[in-house]
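Asks: could you work out the structure for the sequence below:
(2 chains)
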Number of protein chains: 2
Amino acid sequence: MRYSQAFIKTFKETPRQATSINQTLLERGSYIYQVGSGIFAFLPLGYRVYDKIRKIIVEELEKIGCQEVFLPILHPAELWKKTGRLNEIGNELLKVSSSEKDEFVLAMTHEEVITPLAKSKITSYADLPLILNQISKKIRNEARPRGGLIRLKEFNMQDAYSFHATAEQLDQTFNDFVTAYLKIFERLQLKTIIVEASSGIMGGSGSKEFMLINEAGEDKVLICPQCGKAFNFEVAPKDRKCPQDGEVLNEKKAIELAHIFKLGSKYADSFDLKFVDKDGQSKPVLMGCYGIGLDRLMASIVEAHHDEKGIIWPEEASPYQVILIDLTNGKAEKFYQKMMAAGLEVLYDDRDVSAGIKFADADLLGISYRAVVSEKTGDEIEVKKRDQEKSSLITLDKFIDQLRK
Amino acid sequence: MRYSQAFIKTFKETPRQATSINQTLLERGSYIYQVGSGIFAFLPLGYRVYDKIRKIIVEELEKIGCQEVFLPILHPAELWKKTGRLNEIGNELLKVSSSEKDEFVLAMTHEEVITPLAKSKITSYADLPLILNQISKKIRNEARPRGGLIRLKEFNMQDAYSFHATAEQLDQTFNDFVTAYLKIFERLQLKTIIVEASSGIMGGSGSKEFMLINEAGEDKVLICPQCGKAFNFEVAPKDRKCPQDGEVLNEKKAIELAHIFKLGSKYADSFDLKFVDKDGQSKPVLMGCYGIGLDRLMASIVEAHHDEKGIIWPEEASPYQVILIDLTNGKAEKFYQKMMAAGLEVLYDDRDVSAGIKFADADLLGISYRAVVSEKTGDEIEVKKRDQEKSSLITLDKFIDQLRK
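Replies: Predicted coordinates for the structure are as follows:
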């Protein structure tokens, strides 16, 4: 992509409405555009990052047997009456009437749709376990959206739902998700801790949250300095001491990146979702659900990986692999063509602006590798990783080999 | 994917609520699940088809310079007041209040969001032309959803918006979309005709529709039997004769697959979107918009490509490239492993059911190639295309080569 044709216009000022580092840097870098309070659009750069994160998640969840579905966000209110959540949840759940008799709920989660959907196919123990996953929009009537992309009215979520014949099956899948989620966060260079949590409006028999310790977080976790065990604020011991070793727990700010739940038979009971077991008995299906907010994940990467100059994307989330900067009168063109032919994802800064502006924009955008072609670089390119100070002259072939690894 | 583990359970009966061939076959084949009137979920098979169609569209639109964005569906009502459409559109536009002072519109189109978004970056003629594209959900309060996936309350649309300095630029992009859309429909084996159409609620200076002549269509087009020129019903000559050659136009049922509009400066005027031209003058930006409904496209493929046994997917839309049927006691396993290793997309029917059931399901699902391993096939596989009667014995290597082409 040529920078001169890309929908990118950076700016230096902190946006008036920005309340967080992620919003400031993502808006300044042309990643996002604010449509309303808690409502954002992804611009082309932001969409590329979103799509990379999405693919990483789908890839890791396929490995543990998830099958991808795509559920609607307009839910007949009838379904939410059956679980009682139509009235239980309150203002956060947005309702919309299409006529006097047709009332809908805008999806903030999908148990009310996925449970009858699963019921349409599940009859026997042989159909279980089953894991259905989707990535789709959620709407939550957040009274005070804040923290840039951290707390939104409209957001994109990966939400998976699992169905089981036995508690052991549910435990196994629950553990598989722990492994998959840790792998996803590792690929995005986010070091998370897992805390015991409250199940809130989801109900069920147990839940865990994946927390990123970060000053931008609005959640608090309590961590044992001795054994590392961590608790969500709501379920922490009242004396604030670690049950294992009696140490006083430390309080830290954190961002909740994911939440997983053992739902048990709560939703199966509401929709009478049963299966015939090996012994011929009809039994309720046990369920789990597992969610990651993608916008918040993107925001968290920025909160965790930036410096005073801009964003520092982990390689797997970088909108392009390399930003190619031309400081000559077009000598970079042939490097651009070769990089494209080699299948690299390149943003080619072909603009007629100063070197200073090009370097500053490259730092702000935070693309993992910067490759400079100047009058001094000859047949080579000067490559620098965004998170390192040192640059080095190497041939294009070597660079391409390096990125392909 | 092993059939025994896939979320597929076919059935023979026409679903009670089905009003069309596409809904009947897609529900019977476990492609879709109906959540409410005009509201469907994609099951894993359906999502695979959806995703393939999505990728074809994105690929062809990238070629004409589209940059992908992702816009919210919750639009502050303020934006729709500015264009006057908040009140103009009527019941089809769903409104939702999150509090006494916050009113939102659920997106049925995105001019009200994309125009101010474009304004945030466009200043000069050098920023133009610009084409932003997205694939996202739309909500329309359709009073009488019908035709399976043809007319929905909630649907997925590709909608692109173009921005121009001159009418010639707009014409060029408009023509590029004609080419790209024809290519997309060709890849999906849909032969469309282009008709002059009314601009309806979009306004602007001209629009064309891409129509698929099909009995399932609820639109009507008038076609000249002599020169082939076609008209949407609303803009056809009153005497129903072709203006070119005076022939009486033939009436045909058709499905509208796409609609493209020259919007002119209508939305630019509402949001004061201007650019500074080469001559230093400030001028309104000209816009175009271009949309394809993905659910309807999937439905149309089924309406156009099926027989009494089931769906016949065009190769590029087939959820898997091949369905591998084992009629032995596991001899197909090694073929499955080799196909997977070769990177083929395979649905492996490893179920313990009769050959008759396997063949019937393969026909219903409509996957492009069927490969059978029986006691008679030896080291080869018996391959049949879904749209042909003849099968042939070939080696796996040859088959893999054939599919890779």
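Asks: surely A:Gly378 is within a strand?
Replies: No: looking at A:Gly378 with DSSP: H, G, I helix; E, B strand; the rest coil, it is coil, so not inside a strand.
Asks: the most centrally placed residue in chain A - nearest residue in space that isn't next to it in sequence?
Replies: The centroid of chain A falls nearest to A:Leu294 when counting by CA atoms, centre = their mean (2.6 Å). Counting by CB to CB, 6 or more residues apart in numbering or on different chains, A:Leu294 lies nearest to A:Asn156, which is 4.4 Å off, once chain neighbours are set aside. For every residue, glycine as well, the C-beta is placed using N, CA and C.
Asks: let me know whether the one you found touches A:Gln134 as I believe.
Replies: No: between A:Asn156 and A:Gln134 there is no contact under CB atoms under 8 Å: 10.5 Å.
Asks: show residues contacting the lowest-mean-pLDDT helix or strand in chain A.
Replies: The weakest-scoring helix or strand in chain A, judged by mean pLDDT, DSSP states H and E, is strand A:230-232 (a mean of 88). Around strand A:230-232, the neighbours that count as contacts under CB atoms under 8 Å, 6 or more residues apart in numbering or on different chains are A:193-198, A:209, A:211, A:219, A:221-224, A:237, A:249.
Asks: ok, and the most crowded of the residues you listed?
Replies: A:Met211 (26 neighbours; other CB atoms under 10 Å in any protein chain shown).
Asks: can you tell me the element that one falls in?
Replies: Under the criterion of DSSP states H and E, A:Met211 resides in strand A:206-213.
Asks: go through chain A and flag its longest strand.
Replies: Identified as the longest strand of chain A according to DSSP state E is strand A:250-264.
Asks: get me the contact residues on the stretch 51-200 of chain A for chain B.
Replies: A:51, A:65, A:67-76, A:79, A:91, A:94-96, A:98-99, A:102, A:104, A:106, A:113, A:117, A:120-121, A:126, A:130, A:132, A:137, A:139, A:141, A:143, A:153-154 (CB under 8 Å from any CB of the partner chain).
Asks: are any of these buried, and which?
Replies: Buried members of these, counted by 16 or more other CB atoms under 10 Å in any protein chain shown: A:67-76, A:79, A:94-96, A:98, A:102, A:104, A:106, A:113, A:117, A:121, A:130, A:132, A:137, A:139, A:141, A:153-154.
Asks: how about the nearest residue to A:Arg48 once chain neighbours are set aside, secondary structure?
Replies: Distances taken as CB to CB, 6+ apart put A:Pro319 closest to A:Arg48, at 3.9 Å, once the chain neighbours are dropped. Here A:Pro319 is recorded as coil under three-state DSSP.
Asks: what sits against A:Pro319?
Replies: Taking CB under 8 Å, 6+ apart as the contact definition, A:Pro319 lies against A:Tyr31, A:Leu45, A:Gly46, A:Arg48, A:Val49, A:Lys52, A:Trp313, A:Glu345, A:Leu347, A:Leu365, A:Ile367.
Asks: same question, A:Phe271
Replies: A:Lys82, A:Thr115, A:Pro116, A:Lys119.
Asks: which two among those residues are spaced furthest apart?
Replies: A:Lys82 and A:Lys119 (11.7 Å; CB to CB).
Asks: what's the domain layout of chain A?
Replies: A:21-307, A:320-404 (automatic domain parsing).
Asks: out of the ones you listed, flag the one nearest B:Gln169.
Replies: domain A:21-307 (19.5 Å).
Asks: check contacts around A:Gln17.
Replies: Contacts of A:Gln17 (CB under 8 Å, 6+ apart): A:Gln23, A:Gln34.
Asks: quote the end-to-end distance of stretch A:78-90.
Replies: Start-to-end span of stretch A:78-90 (CA to CA, to the nearest Å) is 16 Å.
Asks: correction: stretch A:63-71
Replies: 21 Å.
Asks: what does stretch A:72-86 give?
Replies: For stretch A:72-86, the first and last residues are 17 Å from each other (CA to CA).
Asks: try stretch A:315-329
Replies: Termini of stretch A:315-329 sit 29 Å apart (CA to CA).
Asks: quick one: buried residues of stretch A:185-193?
Replies: A:Phe185, A:Arg187, A:Leu188, A:Gln189, A:Leu190, A:Thr192, A:Ile193.
Asks: what comes into contact with it?
Replies: For stretch A:185-193, contacts defined as CB under 8 Å, 6+ apart pick out A:53, A:56, A:60, A:181-182, A:210-213, A:221, A:223, A:228, A:230, A:254, A:257-258, A:297, A:300-301, A:304-305, A:314, A:316-317.
Asks: quick one: the strands in the stretch 101-250 of chain A, in order.
Replies: Per DSSP state E, counting those that start in this stretch, the stretch 101-250 of chain A carries strands over the ranges A:103-106, A:130-139, A:154-164, A:192-196, A:206-213, A:219-223, A:230-232, A:250-264.
Asks: name the residues that touch the first one?
Replies: Among residues not part of strand A:103-106, those counted as contacts by CB under 8 Å, 6+ apart are A:73-77, A:79-80, A:86, A:93-98, A:112, A:139, B:36, B:96.
Asks: poorly predicted segments of chain A, please.
Replies: Residue ranges of chain A with pLDDT under 70: A:202-204.
Asks: again, only this time at 80
Replies: Across chain A, the ranges flagged by pLDDT under 80 are A:99-100, A:198-205, A:405.
Asks: and the helices in the stretch 251-400 of chain A?
Replies: Using DSSP state H, counting those that start in this stretch, the helices of the stretch 251-400 of chain A run over A:266-271, A:294-304, A:333-341, A:355-365, A:396-404.
Asks: of these, which approaches B:Arg351 most closely?
Replies: Among the helices of the stretch 251-400 of chain A, the nearest to B:Arg351 by CB to CB is helix A:266-271 (25.4 Å).
Asks: in that closest one, what's buried?
Replies: So, applying 16+ other CB under 10 Å, buried residues of helix A:266-271: A:Lys266, A:Tyr267, A:Ala268, A:Ser270, A:Phe271.
Asks: turn these into CSV, columns for distance to A:Phe174.
Replies: Output for the buried residues of helix A:266-271, formatted as CSV (distance: CB to CB, whole Å):
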residue, distance to A:Phe174
A:Lys266, 15
A:Tyr267, 16
A:Ala268, 16
A:Ser270, 21
A:Phe271, 21
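Asks: for chain B, state which of these is nearest.
Replies: A:Phe271 (12.9 Å; CB to the nearest CB).
Asks: and that closest one, how far is that from A:Met287?
Replies: Counting by CB to CB, to the nearest Å, the gap from A:Phe271 to A:Met287 is 10 Å.
Asks: overlap in contacts of those two?
Replies: A:Thr115.
Asks: most packed of the strands of the stretch 101-250 of chain A?
Replies: Mean neighbours per residue, mean count of other CB atoms under 10 Å in any protein chain shown, is largest over these for strand A:154-164, with a mean of 25.
Asks: now it and strand A:130-139, what's the angle there?
Replies: On the basis of axes from the mean of the first three to the mean of the last three CA atoms, to 10 degrees, strand A:154-164 is oriented at 160 degrees to strand A:130-139.
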